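Q: please work out how this folds:
(chains A, B, C and D)
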2 protein chains.
Amino acid sequence: MTNNPVADAPVDGKDLKAGNGRKYRPGRIRERNREKILIAAEEEFAQHGYKGATIQNIAERAGLPKSNVLYYFSNKKRMYSAMFDDILGRWNKVFSDIRPEDDPAEALSTFIRTKVEMSRRYPLASRLFAMEIIQGAPFLMDHLRTNMREWVRGRAEVIQHWIDEGRMAEVDPVQLIFLIWSSTQHYADFQVQILMVENKAEYEQRDFDHAADFLTDVILRGCGLEKPQ
Amino acid sequence: MTNNPVADAPVDGKDLKAGNGRKYRPGRIRERNREKILIAAEEEFAQHGYKGATIQNIAERAGLPKSNVLYYFSNKKRMYSAMFDDILGRWNKVFSDIRPEDDPAEALSTFIRTKVEMSRRYPLASRLFAMEIIQGAPFLMDHLRTNMREWVRGRAEVIQHWIDEGRMAEVDPVQLIFLIWSSTQHYADFQVQILMVENKAEYEQRDFDHAADFLTDVILRGCGLEKPQ
DNA sequence: CGGACTCCTGAACACATGGACAACAAGTGA
DNA sequence: TCACTTGTTGTCCATGTGTTCAGGAGTCCG
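A: Here you go, the predicted structure:
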């Protein structure tokens, strides 16, 4: 065991053995450094994958000594997990539900735009996620098998409902979700490729708007829907 | 310098200094081992990324001692490059051209189906490519900037031509290419996710057929086209 | 001030890694 | 057979890695 009494405390929720019967109150320093490290970790892991990333590099990006990083996250694995907890939490906050009584065109349009916006705001998170999946999802396997499967099932049901009511074309709902996922994430994950091919140095806001317009346009029409207003 | 007179010879095309004025003929052994190693390398690099992959692991996958692997590819970087040369060569062989006088529906349909078929046949190559791009394409930058940009420009021109002639809906040709790329590659790159969400253990041929049908269906309709025959 | 707790960090360690190399084995053509 | 090329592999090394640890600094509160 280390001499660090609270390492990872906020992460794994272990009880906080700071003195017996005494309460632990996370300080501001802790909060701030944790954040610095997690940001640095996102960059490093997104660029090199789990194995390729090094704690030393993360520490340098965060502007802290390696030992200090390991004070907050007692080892590499936990750091990686904490990062995904962070990311998944962020994502869950954003995605609104869809309901059978919603307008399909509007709902799908919102979904697509939200996803594109995610690609714009959190490209690193998207790449990280992609990397993890490509590498066989050793850490996210569980999440995929439970939460994500349930998520897809729920949306697919609603879409199927719309189809049954004749409110959109007959397309496989699950495949449709995959299509939206892949095409929207692409702007984050393959950023370099897109920029190179389009001969640009950087994305601009209008690029995302254009992409979102294009995707809603084609996908909605592909589903036999009219663009809302 | 090493005592290996021909390491990487077939890769970088350096002149083969086997004896002065003597001709080198690549043997069958060389061919066979190179292939074994490249296959192993694809698996290893696809699973761990460039930095995360180790020569030792590649050697084990190939059933050879590490030293022997390094005899054929004098270092990690060259191995990685050789692999991509291989992959890009394989890809170039498959993609047929499209012409202004082609039928848009048929051409796009073929394109989509070919790409899905690639995801099925060479999932590792696809993942490898995705990884490389996500990591910033340090090795493929050049390829993206030249060959791929040209490739896209050519196709986009033809698609634009179809649009100008009113043979399909007005959609951004470049974005359309990205859409097809992303949605088709997704089946290779995010295989694990798809399998988990759909609660399957393995892909079957019919899954790909179904995916290809879905994609041509939605994308063609999204482009204002009718499915051919 | 003093003590309890939180935060910080340099040094050390065991181990993995990419790569060099020398000696040796196998193949090949005359 | 012989000379030479090609293929094989164990060993070695410098460097980098994750992680431990012991001790010290900073902070807060009575």
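Q: use CA for all of it now, contacts and neighbours both
A: Noted.
Q: any residue of stretch A:83-103 touching DNA strand D?
A: No. Judged by Cα under 7 Å from any atom of the strand, stretch A:83-103 stays clear of DNA strand D, getting no closer than 14.3 Å.
Q: need the longest helix for chain A.
A: helix A:28-52 (DSSP state H).
Q: just the angle for that helix relative to helix B:28-52, thanks.
A: Counting by axes from the mean of the first three to the mean of the last three Cα atoms, to 10 degrees, helix A:28-52 points 170 degrees away from the direction of helix B:28-52.
Q: counting contacts, what elements does helix A:28-52 pack onto?
A: Helix A:28-52 sits against helix A:55-62, helix A:66-72, helix A:76-94, helix A:123-134, helix B:28-52, with contacts defined as 3 or more Cα pairs under 8 Å, 6 or more residues apart in numbering or on different chains; DSSP states H and E.
Q: can I get the CA coordinates of the fourth one in CSV?
A: In this case it means helix A:123-134. Extracted in CSV, the C-alpha atoms of helix A:123-134 (Å, rounded to 0.1, in the frame of the first residue of the first chain):
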residue,chain,number,x,y,z
PRO,A,123,-12.9,15.5,-30.3
LEU,A,124,-10.4,14.0,-27.9
ALA,A,125,-13.1,12.1,-26.1
SER,A,126,-14.4,10.8,-29.3
ARG,A,127,-11.0,9.6,-30.5
LEU,A,128,-10.3,8.1,-27.2
PHE,A,129,-13.5,6.1,-27.4
ALA,A,130,-12.8,5.1,-30.9
MET,A,131,-9.3,3.9,-29.9
GLU,A,132,-10.6,1.9,-27.1
ILE,A,133,-13.2,0.2,-29.3
ILE,A,134,-10.7,-0.5,-32.0
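Q: I'd like the next helix or strand past that helix.
A: helix A:141-143 (DSSP states H and E).
Q: which one, of the helices and strands packed on helix A:28-52, ends up nearest to DNA strand C?
A: Nearest of those to DNA strand C, taken as Cα to the nearest atom of the strand: helix A:66-72 at 3.6 Å.
Q: check whether stretch A:85-94 comes near chain B.
A: No. Using Cα under 8 Å from any Cα of the partner chain, stretch A:85-94 stays clear of chain B, with a minimum separation of 15.1 Å.
Q: highest average neighbour count across the helices and strands packed on helix A:28-52?
A: Using mean count of other Cα atoms under 10 Å in any protein chain shown, the stretch among those with the largest mean neighbour count is helix A:123-134, at a mean of 24.
Q: and that helix, what does it pack against?
A: Here helix A:123-134 touches helix A:28-52, helix A:173-189, helix B:123-134, helix B:191-198, going by 3+ Cα pairs under 8 Å, 6+ apart.
Q: could I get these as CSV with mean pLDDT and distance to residue A:131?
A: Formatted as CSV, these follow (pLDDT from 0 to 100; distance: least, Cα to Cα, whole Å):
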stretch, mean pLDDT, distance to residue A:131
helix A:28-52, 93, 6
helix A:173-189, 98, 9
helix B:123-134, 97, 7
helix B:191-198, 97, 12
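Q: Throw the ones you listed into TSV and include distance to residue A:216, thanks.
A: Output for the helices and strands packed on helix A:123-134, formatted as TSV (distance: least, Cα to Cα, whole Å):
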stretch	distance to residue A:216
helix A:28-52	28
helix A:173-189	9
helix B:123-134	24
helix B:191-198	23
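Q: quick one: contacts of stretch A:101-116?
A: Contact with stretch A:101-116 is made by A:95, A:98, A:159, A:162, A:167-168, A:180-181, A:184-185, A:187, A:208, A:211-212, A:215-216, A:220, A:225-228, as judged by Cα atoms under 8 Å, 6 or more residues apart in numbering or on different chains.
Q: filter the residues you listed to the buried ones?
A: Buried residues within the contacts of stretch A:101-116, counting neighbours by 16 or more other Cα atoms under 10 Å in any protein chain shown: A:98, A:159, A:162, A:167-168, A:180-181, A:184-185, A:187, A:208, A:211-212, A:215-216, A:220, A:225, A:227.
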